[in-house]
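> pasting a predicted model and its sequence here:
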Amino acid sequence: MAELDPLEKAEVYRWPIALGVLAALAVLLYFLQPILTPFVLGGLIGYLGDPLVDRLERKGMQRTLGVVLVFILFSAIIIVALLVALPMLLHQLDALVAKVPDIYRWLTQDLVPWLQQRFDLPDRQLPKIDWSGQLADNWQSVGKFTARSLMQITGSGAGLLLSLANLALVPVVAFYLMRDWDILVRLSLDILPIAWQDKAAELVAESDEVVGAFLRGQFLVMCSLGIVYSVGLWLVGVQLAMLLGIIAGLASIVPYLGFIVGVIASCIVAYAQFGDWTVLLWVGLVFGVGQAIESMVLTPVLVGDRIGLHPVAVIFALMAGGQIAGFVGVVLALPVAAVVMVFLRHAMHHYRSSDLYGRD
């Protein structure tokens, strides 16, 4: 058997080494998952801010100064959201907890009997619940529930300090990654074998377009829909307008899920509040307008058709990420899935142009 020349040997050993490095990185990330949250969140903020910094740099501004300006902008948005939106959201959560007995009473006394009579279903009743005792024991107020949850998460004073330290690391990591993002990408490509660098740069550019379209575009779509739904429900007079709008906006990460969840939840709350079927028409109009704006304006302009992720793939990626790595996995699930789809498209193109696929 003829001995391979050095170039052929390098080609034979290149793929096993690359796969081994990827496997080692995956195992390392899995075991480091408990400490990755600040780095993942910081990397996400850095990635979102990098295009703005690049634009300021192209206009002649120093990159560090551009990073400072973008960082101040992001910080101002977060502070305004915390000072304005968070108190309103907590107030509406308290109102929602107070309405749970009324909603459950409506379900048991109105909706379920109507459905049983309409569709000739067995006459069975939902169990009676002492909501006053349940709410006093478990919720009572959002503030006490939040405090109890924080105590369970931190567990001790040392745990609280560790949580605060992780939170403080997020802006630090975001600042340095935003400043050195292009340098880190270039150094990462230089590590690869020279024969792979051109193709890897092409794949990275395509992956960046797909992930950027999703993270930046879909995030803006979700925020826009949340605002549209909240304002529309507020105009209708629904008391929990902001809470329902935020839920529907967040659920719109999966196509049409936000519309379905928002309509059902808003109709239940609106009918429990007004006791009039005509208000459901106005709720449906609000979500119909929001869906039309998303389909005709928001998604084509902000996202386009570059993601290529089926709704079932989105749901599976989110659930798989949460199962594998918890919160970090949920944050990374869709960007990783989008990059995998890019590589799969190229792999399928390579396979269909090969002799293995086309040979008789």
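Received it, and whenever you're ready, just let me know what you need.

> distance check, Leu235 against Tyr229.
When distance is defined by CB to CB, to the nearest Å, Leu235 is 11 Å away from Tyr229. To be clear about C-beta, it is placed using only N, CA and C from the backbone, and glycine gets the same treatment.

> same check, this time on Pro34
Per CB to CB, Pro34 is found 36 Å from Tyr229.

> who has more neighbours out of those two?
In this view Pro34 and Tyr229 are compared by other CB atoms under 10 Å, and Tyr229 has more residues nearby, 30 against 10.

> nearest residue to the more buried one other than its sequence neighbours?
Leaving aside its sequence neighbours, Tyr229 sits nearest to Gly245 (CB to CB, 6 or more residues apart in numbering; 3.7 Å).

> for that neighbour, which three-state class applies?
helix (DSSP: H, G, I helix; E, B strand; the rest coil).

> got any residues that touch both of Leu235 and Tyr229?
When contacts are counted by CB atoms under 8 Å, 6 or more residues apart in numbering, Leu235 and Tyr229 have Val286 as shared neighbours.

> so what's Tyr47 up against?
Contact criterion CB under 8 Å, 6+ apart gives Leu177, Trp181, Val211, Gly212, Leu215 as the residues in contact with Tyr47.

> run a quick check on the last one versus Val336, I expect a contact.
No: with contact defined as CB atoms under 8 Å, Leu215 does not reach Val336; the gap is 11.8 Å.

> which residues does stretch 221-241 contact?
The set of residues external to stretch 221-241 that reach it, using CB under 8 Å, 6+ apart, is 92, 95-96, 99, 242, 244-246, 248-250, 252-253, 258, 262, 266, 269-270, 273-274, 279, 282-283, 285-287, 289-290, 293-294, 298-299, 302-303.

> make it 7 Å
The list of residues contacting stretch 221-241 from outside it, by CB atoms under 7 Å, 6 or more residues apart in numbering, reads 92, 95-96, 242, 244-246, 248-250, 252-253, 258, 262, 266, 269-270, 273, 279, 282-283, 286-287, 289-290, 293-294, 298-299, 302-303.

> helices or strands up against the helix or strand hosting Val331?
Mapping Val331 onto the secondary structure by DSSP states H and E places it in helix 311-352. Helix 311-352 sits against helix 37-58, helix 194-212, with contacts defined as 3 or more CB pairs under 7 Å, 6 or more residues apart in numbering; DSSP states H and E.

> with only the CA atoms kept, save the helix or strand just after the shortest one in PDB.
Proceeding N to C from helix 194-212, the next assigned helix or strand is helix 219-236, under DSSP H and E. These are the backbone C-alpha positions of helix 219-236, laid out as PDB (Å, rounded to 0.1, in the frame of the first residue of the first chain):
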ATOM      1  CA  PHE A 219     -36.100  41.200  19.100                       C
ATOM      2  CA  LEU A 220     -37.400  44.400  17.500                       C
ATOM      3  CA  VAL A 221     -40.400  42.600  16.200                       C
ATOM      4  CA  MET A 222     -41.200  41.200  19.600                       C
ATOM      5  CA  CYS A 223     -40.800  44.600  21.300                       C
ATOM      6  CA  SER A 224     -42.900  46.300  18.600                       C
ATOM      7  CA  LEU A 225     -45.700  43.700  18.900                       C
ATOM      8  CA  GLY A 226     -45.600  44.000  22.700                       C
ATOM      9  CA  ILE A 227     -46.100  47.800  22.400                       C
ATOM     10  CA  VAL A 228     -48.900  47.400  19.700                       C
ATOM     11  CA  TYR A 229     -50.800  44.800  21.700                       C
ATOM     12  CA  SER A 230     -50.400  46.700  25.000                       C
ATOM     13  CA  VAL A 231     -51.500  50.100  23.600                       C
ATOM     14  CA  GLY A 232     -54.400  48.400  21.700                       C
ATOM     15  CA  LEU A 233     -55.700  46.600  24.800                       C
ATOM     16  CA  TRP A 234     -55.200  49.700  26.900                       C
ATOM     17  CA  LEU A 235     -57.400  51.600  24.400                       C
ATOM     18  CA  VAL A 236     -60.000  48.900  24.700                       C
END
